[in-house]
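*Asks:* Any chance you could fold what I've pasted below:
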Amino acid sequence: MQKTLTLSDSDRRYLTDVSLFSFGNPYGETGQAVRKVLSEETGRGTGDLYDQVHAHLHDRLERLKQKQPFFISAYAEQDRLLLHHAVLFDSLHSAHKVFDALVVEQIQKGGKVCKVEFGTKLLDRLTNSGMARSVALHYLAIYYQSRRARYFLSTTLVGNSVSMERLRHDLWNSIFTHDFSLYERFLWDRVRELSTLFVGASGSGKKTAAAAVSYCSYIPFVEKLESFSESFVGCFIPVRVAQYSGLRLESELFGHKKMAYSEALENYQGVFSRCTAAGTAFLDNICAVPLPVQARLQGVVQDHIFTPIGDQTQHHFPGRVMAAASGKIASIRTKGELREDLYLHLGVNTISVPSLQHCLQENPADLELLIVHILQKYTGQSADQLVGLVIERMHEHVGVGYAWPGNMLELEQIVKRILMVSHYESKD
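*Replies:* The predicted structure follows:
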């Protein structure tokens, strides 16, 4: 009978930190603590910490392989998952730059799915380590998810304030849950059934936060096509419900059959029909939806079914529902703007998006970072030479302690106005 192998206490502690570092939530106190420990452990000086940890881990794994034949299944159950994560990180991290380049390329190509010519090579590397092909495909999809999460949570949510770091932490958990080991084994295809409600002041960036989560959904890799099954760019489908009323709103949400009402001249697919399993239907300003329509939404959120107007057949909704509400949730519930049963399902995961004023009170230096981000987004290129001009003109009219009632939306308009007419006069 083959002897069950166990890791040494030292290896177990190290691989636990590597597991948290490579697949755990990188934001918040736990993520910071793990980075600190591994930075001290590697002792390799400057450079990218991921590269340092990867090199150090690879050396450790090679030493384990030299001691005895290396089969994860030969180890005690408590050690298998740690070794599994270590092998995954060792095999996949070498490709993190091409994955990151793929994310940028996919953004540029929009809905057209990119070829992933390096995918088969990575699958071979994982299967050569003793992993079943189906399992290797699963982790290729998850690793692509994690690279997108790091990209979007760092590039679209700008700022180093405590509140912004907490928001990134909460958004990561919305993608992978609080425990990656649970996600990879049980929840990777169930997270989409858990709705999310974003709350915060108007203009604070609730839609941006929701989009960041949506772009990081699980998308399978199709080996024979050498590509992922769809582009993440098309996964986010927002609906500004306040711009519709009556049957037009219900049609936009649920769709309609031809001649279901006087203006229904053709069949129409609503947002729930247009969503794929990787997609997200984002209902902006959910409180603007009339209560009777909220009752119909209950079926989508709770049971993932809906019925188009004029249709007698129930349809399955395969995607995820996210919604946004302006203000504090206690006030919203007190005013009765959101049905209690709908809130209880949407509020399974409630995320508060901080106001701009709050973030700048915590870290005033974030203002310049945000201006740089807005300029790059607006001009499509690095615009460092414009930053000083914008800040100078802004400070002529917007003093220290300005309340930023319009939040990020107001800041964006200020930057654009200064570029256009060279000044801005606040209403404060």
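
*Asks:* Extract the C-alpha set from stretch 63-83 and format it as CSV.
*Replies:* C-alpha atoms of stretch 63-83 as CSV (Å, rounded to 0.1, in the frame of the first residue of the first chain):
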residue,chain,number,x,y,z
ARG,A,63,12.9,20.5,-4.7
LEU,A,64,9.8,18.5,-3.8
LYS,A,65,10.0,16.6,-7.1
GLN,A,66,13.6,15.7,-6.4
LYS,A,67,12.7,14.1,-3.0
GLN,A,68,10.2,11.7,-4.4
PRO,A,69,7.8,11.1,-7.4
PHE,A,70,5.5,14.0,-7.6
PHE,A,71,1.8,13.1,-7.6
ILE,A,72,-0.7,15.4,-6.0
SER,A,73,-3.0,12.5,-5.3
ALA,A,74,-0.3,10.8,-3.2
TYR,A,75,-0.5,13.6,-0.6
ALA,A,76,-2.8,13.9,2.3
GLU,A,77,-6.2,15.7,1.6
GLN,A,78,-5.2,18.8,3.5
ASP,A,79,-2.2,19.3,1.2
ARG,A,80,-3.7,18.4,-2.2
LEU,A,81,-5.5,21.7,-2.7
LEU,A,82,-2.3,23.7,-1.8
LEU,A,83,-0.2,21.7,-4.2
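
*Asks:* Could you list the low-pLDDT ranges of the protein?
*Replies:* 1-2, 43-46, 67-70, 423-428 (pLDDT under 70).

*Asks:* Skipping its backbone neighbours, what lies nearest residue 137 in space?
*Replies:* Nearest in space to residue 137, with sequence neighbours left out and distances taken as C-beta to C-beta, 6 or more residues apart in numbering, is residue 221 at 5.5 Å. C-beta here means a position set from N, CA and C on the backbone, and glycine is covered the same way.

*Asks:* Next, residue 350: secondary structure please.
*Replies:* strand (DSSP: H, G, I helix; E, B strand; the rest coil).

*Asks:* what about the residue nearest to it when sequence neighbours are not counted, distance to residue 351?
*Replies:* Spatial nearest neighbour of residue 350, excluding adjacent residues (C-beta to C-beta, 6+ apart): residue 197 at 4.9 Å. Per C-beta to C-beta, to the nearest Å, residue 197 is found 7 Å from residue 351.

*Asks:* Tell me, domain by domain, which residues of this structure belong where.
*Replies:* As given by automatic domain parsing, the domain ranges for the chain are 9-187, 206-354, 357-421.

*Asks:* In TSV, list those domains along with mean neighbour count and distance to residue 3.
*Replies:* Shown next, in TSV, are the domains of the chain (neighbours: other C-beta atoms under 10 Å; distance: least, C-beta to C-beta, whole Å):
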stretch	mean neighbour count	distance to residue 3
domain 9-187	17	8
domain 206-354	18	37
domain 357-421	16	55
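
*Asks:* Ok, which of the ones you listed comes nearest residue 193?
*Replies:* Nearest of the domains of the chain to residue 193, taken as C-beta to C-beta: domain 206-354 at 6.7 Å.

*Asks:* Do you have the helices of the stretch 251-400 of the chain handy? List them.
*Replies:* 271-274, 291-303, 329-335, 340-346, 356-362, 366-379, 384-397 (DSSP state H, counting those that start in this stretch).

*Asks:* For the shortest one, which helices and strands make contact with it?
*Replies:* Contact partners of helix 271-274 among helices and strands, from 3 or more C-beta pairs under 8 Å, 6 or more residues apart in numbering; DSSP states H and E: strand 236-240, helix 246-254.

*Asks:* got these as CSV, with distance to residue 312 columns?
*Replies:* CSV is the format used below for the helices and strands packed on helix 271-274 (distance: least, C-beta to C-beta, whole Å):
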stretch, distance to residue 312
strand 236-240, 24
helix 246-254, 13
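
*Asks:* Verify the stated contact: residue 218 with residue 143.
*Replies:* No: using C-beta atoms under 8 Å, residue 218 is not in contact with residue 143; the gap is 11.2 Å.

*Asks:* dump the residue contacts of residue 362.
*Replies:* Under the criterion of C-beta atoms under 8 Å, 6 or more residues apart in numbering, the neighbours of residue 362 are 161, 162, 163.

*Asks:* Select the longest strand from this protein.
*Replies:* The longest strand of the chain (DSSP state E) is strand 320-326.

*Asks:* Strand partners (parallel or antiparallel) of that strand?
*Replies:* strand 196-200 (parallel), strand 280-284 (parallel) (DSSP bridges).

*Asks:* Other residues contacting the last one?
*Replies:* What it means is strand 280-284. 206-207, 210-211, 213-214, 217, 235-242, 253, 271-272, 275, 289, 297, 317, 319-324.

*Asks:* just the angle between that strand and strand 236-240, please?
*Replies:* 20 degrees (axes from the mean of the first three to the mean of the last three C-alpha atoms, to 10 degrees).

*Asks:* So which residue is smack in the middle of the chain?
*Replies:* Central residue of the chain (C-alpha atoms, centre = their mean): residue 213, 2.5 Å from the mean position.

*Asks:* ok, for that one, nearest residue in space, not its chain neighbours?
*Replies:* Using C-beta to C-beta, 6+ apart, the nearest residue to residue 213 is residue 174, at 5.0 Å.

*Asks:* Against residue 405, how distant is that neighbour?
*Replies:* Residue 174 is 28 Å from residue 405, by C-beta to C-beta.

*Asks:* Then residue 379?
*Replies:* 26 Å.

*Asks:* And for residue 263?
*Replies:* Going from residue 263 to residue 405 by C-beta to C-beta gives 38 Å.

*Asks:* Of the helices and strands packed on helix 271-274, which is nearest residue 94?
*Replies:* strand 236-240 (30.2 Å).

*Asks:* That closest one versus helix 246-254: what angle between them?
*Replies:* 170 degrees.

*Asks:* Tell me which strands strand 236-240 pairs with, and in which orientation.
*Replies:* strand 280-284 (parallel).

*Asks:* Keeping just the C-alphas, turn the partner strand into PDB.
*Replies:* Provided in PDB are the C-alpha atoms of strand 280-284 (Å, rounded to 0.1, in the frame of the first residue of the first chain):
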ATOM      1  CA  THR A 280     -25.300  40.700 -17.000                       C
ATOM      2  CA  ALA A 281     -28.500  42.700 -17.200                       C
ATOM      3  CA  PHE A 282     -27.800  45.900 -15.300                       C
ATOM      4  CA  LEU A 283     -30.900  47.900 -14.200                       C
ATOM      5  CA  ASP A 284     -29.800  51.400 -13.500                       C
END
